[in-house]
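**Q** Any chance you can model this:
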Amino acid sequence: MAALSLRNVKKSFEETEVLHGIDLNIEKGEFIVFVGPSGCGKSTLLRMIAGLEVISSGDLFIDSERVNDVPPAERGIAMVFQSYALYPHMTVFENMAFGLRIANNSKSEIDQRVRAAAKMLQLTPYLERHPKALSGGQRQRVAIGRAIVRDPKIFLFDEPLSNLDAALRVKTRIEISNLKEGLNDTTMIYVTHDQVEAMTLADRIVVLNGGYIEQIGSPIELYTNPANVFVAKFIGSPSMNILPAIIEKTGDQTQIKVDGGTPVLTHVASEIELKNSKAYVGVRPEDFLLAVEEDMLIEGTVAFVESLGEVTLLHLECSGVEDCVVAKIPGIIKKTKGEMIRLKVDSANMHIFDEQHISLKFRHSKSKSIAA
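**A** Predicted coordinates:
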């Protein structure tokens, strides 16, 4: 299977540059997920890898071979699109076999490959059916099977679950995860705007924003150690709360104070020039605890309560915070609209960002590497 490398890859449409120098190395057998908001460039990047979009500048390598000018059919890539694009007059078997027949594979080889892929995707009972007799999830599996039988170097998935309802999305996501295990030597690149899909499927996630890569890392790494406010808010549901604060003390431990709260000494290091500067404290909803006035980080009035049984989501209006602060409290908590709530958080679970929205952990590690 193939390794893939992008070096300073850019894409422009006339005068508008939409990808601004993408550098990325993907190892053989990795499952990589591109995530980001609409218009961030993730689908354009995938189409450039497939050869469906021309690379404006930079280089794309597959197994150390530069493939910028190699036609899509010769790159050893199979792509699964958002739409199933199945031939309605053909059976499932015929749809999956079509590409192999065009490539003049033998009848016996076609039969062997199609039946092996159908078994993997639990499609064997449906091989003689037509697409109209299948559910949306089954049609998507046929589209995936059509890609599998080609035995490609790299699989590309462009938001393959976006046309499915919530229940089918979960079921098909599990099936793709099982497929990943069954083809563990195959490189897969998957595009989605759904961070839940990214968290559950990826070996590594590439977070894109405005044509730039914000951060690359494992799902847990991005969740626990986001490089900036954008990644912090994009990864996780409900998203991380971002609270304006002031840095009161710097050094190996940073003391911060949120408006109306008590000073908190964190284990995050900071440079002396940040003293008394504006900052932001990031807190995951599940890391909040109910507090008394003496140890609170922040207080606010209840604007909305979501009682979900196993947890209660409290939406609070807090002074100096633009959006509602969301606290995810275990169990059933009986709170009413307009009630005052005080919250605290273990300092080990706080994320501190500077005025430019950069994590102090990343800022500090960068300054240490420069000094070295």
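**Q** shaky segments in this structure?
**A** Judged by pLDDT under 70, the chain has its weakly predicted residues at 1, 364-372.
**Q** by contact count, what packs against the longest helix along it?
**A** Ordering each helix of the chain by length in residues (DSSP state H) puts helix 166-182 first. With contacts taken as 3 or more Cβ pairs under 8 Å, 6 or more residues apart in numbering; DSSP states H and E, helix 166-182 sits against helix 136-148, helix 195-201. To be clear about C-beta, it is placed using only N, CA and C from the backbone, and glycine gets the same treatment.
**Q** want to throw these into JSON lines with mean neighbour count?
**A** Listed next are the helices and strands packed on helix 166-182 as JSON lines, based on neighbours: other Cβ atoms under 10 Å:
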{"stretch": "helix 136-148", "mean neighbour count": "22"}
{"stretch": "helix 195-201", "mean neighbour count": "20"}
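**Q** Relative to Val305, which of those is closest?
**A** Nearest of those to Val305, taken as Cβ to Cβ: helix 195-201 at 23.4 Å.
**Q** for the closest one, packing partners?
**A** Checking 3+ Cβ pairs under 8 Å, 6+ apart, helix 195-201 ends up next to strand 31-35, helix 166-182, strand 187-191, helix 219-224.
**Q** got the CA positions of whatever helix or strand comes next after the last one in CSV?
**A** Scanning forward in sequence from helix 219-224, with DSSP states H and E defining helices and strands, the next element found is helix 229-234. Written as CSV, here are the backbone C-alpha positions of helix 229-234 (Å, rounded to 0.1, in the frame of the first residue of the first chain):
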residue,chain,number,x,y,z
VAL,A,229,-8.9,28.3,20.2
PHE,A,230,-10.2,27.2,16.8
VAL,A,231,-9.2,23.6,17.3
ALA,A,232,-10.4,23.7,20.9
LYS,A,233,-13.9,24.8,19.9
PHE,A,234,-14.1,22.6,16.8
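**Q** shift numbering so it begins at 576
**A** Right, with 576 as the first residue, what we last looked at is helix 804-809.
**Q** residues near Tyr855, how many?
**A** 21 (other Cβ atoms under 10 Å).
**Q** hang on, the earlier thing: make JSON lines out of the helices and strands packed on helix 741-757 and add distance to Ser882.
**A** As requested, these are exported to JSON lines (distance: least, Cβ to Cβ, whole Å):
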{"stretch": "helix 711-723", "distance to Ser882": "31"}
{"stretch": "helix 770-776", "distance to Ser882": "22"}
